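Participant: have a look at this prediction, sequence included:
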Amino acid sequence: AQKIKFPTPLVEMQGDEMTRILWDYIKEKLLEPYVELNTDYYDLGLENREETADSVTAAAAAAIKKYGVGVKCATITPNAQRVEEYKLSKMWLSPNGTIRATLDGTVFRAPILAEGIMPYIPAWKKPITIARHAYGDVYKNCEIRVDGDAKAELCITYSDGRVVKNTIADIKGCGIVQGIHNLDESVSSFCRSTFNYALETKQDVWFATKDTISKTYDGRFKDIFASIFEKEYKERFKSAGINYDYSLIDDSVARVVKSGGGFIWALKNYDGDVLSDMVATAYGSLAMMTSVLVSPDNKFEYEAAHGTVTRHYYKHLKGEPTSTNSVATIFAWTGALNKRGELDSVPALCSFSKKLEGAVLTAISSGFMTNDLAPLFKKENVKVTSLNSFEFIDKIKEFLDNVMFKIMI
Ligand code: NAD
């Protein structure tokens with residue numbers, strides 16, 4: 001049969017460790033036999049970032065801006081140990097941070113629910129989608145280690161020469177100081193992408209910050225959301241039958257745990273980082289969480305929410321079998337291919353993406369899965385078959401070929 005073609009290149013970003021190995025295997029088994037992958041390829045593996053002084057990450061981000069859709073494998077964010085391990089000349093920044101800073105926008109993370117996989121929180125019957133603001137705060141901070149008595153000040157020098165100064169603390173002895181920022185424009189686009197996504201998916205929005213403590217900083221987030229909602233979205237939400245709800249972050253966490261799911265939880269950058277792992281794990285496994293960065297000018301970057309699964313990679317290098325779940329990585333590809341299909345008007349590409357997602361979910365609900373999911377699976381008359389990383393992908397291919405074949409006859 002003819003392979004599916006699409007005209008605009010898809011920006012492909014290869015990554016590190018176990019996810020790098022699975023990336024190639026997914027392409028070989030589940031994509032290349034059916035789709036002529038027209039990709040603009042960037043190797044964001046740590047070795048190549050070192051070799052290119054990280055210019056490859058900037059080039060990849062620019063390519064997403066140009067072509068509109070990217071798919072990214074998990075990558076190592078270097079820390080001191082990685083600098084040693086990979087003999088790095090510099091502790092390169094997080095590639096995700098660089099891409100987010102270039103595209104701005106909001107990261108939407110939603111769990112993939114498969115029949116038979118029971119969430120750790122049984123009340124969560126519907127997915128909770130996390131909308132994480134992807135700009136600023138602690139991810140673009142400025143930090144100083146203070147090694148003696150000192151006065152720490154926050155100082156703003158306006159371009160017209162005005163100066164505003166505030167004392168942070170009179171430091172006695174040693175300490176630490178941090179400066180963070182955000183921009184009205186970025187918070188506004190975070191707000192609008194979240195509200196647009198809510199209208200598109202017909203789900204309520206819950207937004208939470210700590211504005212009782214951070215009256216100016218978090219207070220600004222709260223006010224921007226309230227004003228944009230009132231002026232631009234109130235009526236549209238009403239006719240769509242959905243709601244916007246603001247609360248304090250601690251109250252919100254408590255209410256989310258008791259909820260049944262089925263809404264968008266809008267969170268500031270750090271809250272979104274931490275709580276998306278909690279939500280993903282509670283739904284079953286970190287490997288069942290998708291992640292898409294949507295920029296205000298509608299550029300899309302798809303990836304898995306998890307990291308490079310280092311522990312499995314070292315087992316793999318020793319020749320030991322691994323049971324790494326590739327579902328979120330496969331869904332990153334299907335999400336990106338589906339979006340490319342929508343933008344380029346290639347329905348066959350959209351329909352292939354849905355079939356591949358269907359094959360993944362059918363494999364799991366038929367009892368075939370990796371070890372992270374096995375203890376959570378409960379379905380009458382279906383026994384669990386635990387598979388290793390590669391067997392699982394092979395099994396998905398069997399289910400995919402089954403539907404592809406049925407379509408052809
Ligand atoms: P990780 O997500 O790779 O793994 C955390 C734990 O979750 C693992 O111990 C593993 O048991 C489990 N897990 C995660 N994904 C799994 C999968 N697909 N199948 C089975 N189990 C899975 O996070 P980490 O160990 O904190 O970080 C490893 C590396 O990944 C670090 O270098 C970090 O910088 C990087 N990282 C990258 C991204 C990204 O690129 N988006 C995100 C997080 C971490």
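Facilitator: That came in fine, so what should we check first?
Participant: what's the burial count for the residue in the chain positioned nearest to the ligand?
Facilitator: Of all residues in the chain, Gly307 sits closest to the ligand, at 2.4 Å by C-beta to the nearest ligand atom. To be clear about C-beta, it is placed using only N, CA and C from the backbone, and glycine gets the same treatment. Gly307 has 17 neighbours, counted by other C-beta atoms under 10 Å.
Participant: and Ile396, by the same measure?
Facilitator: What Ile396 shows, counting by other C-beta under 10 Å, is a neighbour count of 25.
Participant: other SSEs contacting the helix or strand that contains Leu349?
Facilitator: Under the criterion of DSSP states H and E, Leu349 resides in helix 347-365. Judged by 3 or more C-beta pairs under 8 Å, 6 or more residues apart in numbering; DSSP states H and E, the packing partners of helix 347-365 are helix 327-344, helix 389-408.
Participant: show residues contacting the last one.
Facilitator: The contact list for helix 389-408 (C-beta atoms under 8 Å, 6 or more residues apart in numbering) reads 1, 18, 21-22, 25-26, 29-30, 34, 312, 316, 321-326, 330, 355-356, 358-360, 362-363, 366, 368-370, 387.
Participant: and the ligand, which of those residues contact it?
Facilitator: With the criterion set as C-beta under 6 Å from any ligand atom, the members of the contacts of helix 389-408 near the ligand are 324-325.
Participant: buried only: go through the contacts of helix 389-408 for me.
Facilitator: Among these, those classed as buried by 16 or more other C-beta atoms under 10 Å are 18, 21-22, 26, 30, 34, 312, 316, 322-326, 330, 355-356, 359-360, 362-363, 368-370, 387.
Participant: helices of this structure, start to end?
Facilitator: Ranges of helices in the chain, per DSSP state H, are 17-26, 46-51, 55-67, 80-85, 95-103, 184-201, 217-228, 234-240, 249-258, 269-283, 310-317, 327-344, 347-365, 389-408.
Participant: who does Asn166 bridge with?
Facilitator: For Asn166, the beta-bridge partners are Leu154 (DSSP bridges).
Participant: isn't it up against Glu153?
Facilitator: Yes - using C-beta atoms under 8 Å, Asn166 is in contact with Glu153, at 6.7 Å.
Participant: mind listing what the residue nearest to the spatial centre of the chain touches?
Facilitator: Among the residues of the chain, Ser291 comes closest to the average C-alpha position under C-alpha atoms, centre = their mean, at 2.9 Å. Each residue near Ser291 by C-beta under 8 Å, 6+ apart is listed here: 107-109, 276, 302-305, 328, 332.
Participant: buried only: go through the residues you listed for me.
Facilitator: 107-109, 276, 302-305, 328, 332.
Participant: and this structure, which residues reach the ligand?
Facilitator: Neighbours of the ligand within the chain, by C-beta under 6 Å from any ligand atom: 74-77, 96, 286-287, 303, 306-311, 324-325, 372.
Participant: going by neighbour count, which of those residues are buried?
Facilitator: In the residues of the chain next to the ligand, the ones that pass as buried (16+ other C-beta under 10 Å) are 74-77, 96, 286-287, 303, 306-309, 324-325, 372.
Participant: tell me which of these has the lowest pLDDT.
Facilitator: Note: of those, the lowest pLDDT belongs to Leu286, at 83.
Participant: find the nearest non-adjacent residue to Gly307, please.
Facilitator: Residue nearest to Gly307 in three dimensions, not counting chain neighbours: Ala74, with 5.1 Å by C-beta to C-beta, 6 or more residues apart in numbering.
Participant: torsion angles phi and psi at the one you found?
Facilitator: Phi and psi for Ala74, reported as degrees, to the nearest 10, are phi -60, psi 150.
Participant: so it sits against Ala304, correct?
Facilitator: Yes - at 6.0 Å, Ala74 counts as touching Ala304 under the criterion of C-beta under 8 Å.
Participant: what residues do these two have in common as contacts?
Facilitator: By C-beta under 8 Å, 6+ apart, Ala74 and Ala304 have these common neighbours: 19, 329.
Participant: so what's the spatially closest residue to Ser186 that is not a sequence neighbour up against?
Facilitator: Distances taken as C-beta to C-beta, 6+ apart place Tyr135 nearest to Ser186, at 4.3 Å, with adjacent residues excluded. Counting by C-beta under 8 Å, 6+ apart, Tyr135 touches 100-101, 104-105, 182-183, 186, 190, 269.
Participant: let's have these in JSON lines, adding pLDDT.
Facilitator: Shown next, in JSON lines, are those (pLDDT from 0 to 100):
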{"residue": "Arg100", "pLDDT": "85"}
{"residue": "Ala101", "pLDDT": "84"}
{"residue": "Asp104", "pLDDT": "78"}
{"residue": "Gly105", "pLDDT": "77"}
{"residue": "Asn182", "pLDDT": "97"}
{"residue": "Leu183", "pLDDT": "95"}
{"residue": "Ser186", "pLDDT": "92"}
{"residue": "Phe190", "pLDDT": "94"}
{"residue": "Asn269", "pLDDT": "94"}
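Participant: list buried residues within those residues.
Facilitator: Applying 16+ other C-beta under 10 Å to those flags 100-101, 104-105, 182, 186, 190, 269 as buried.
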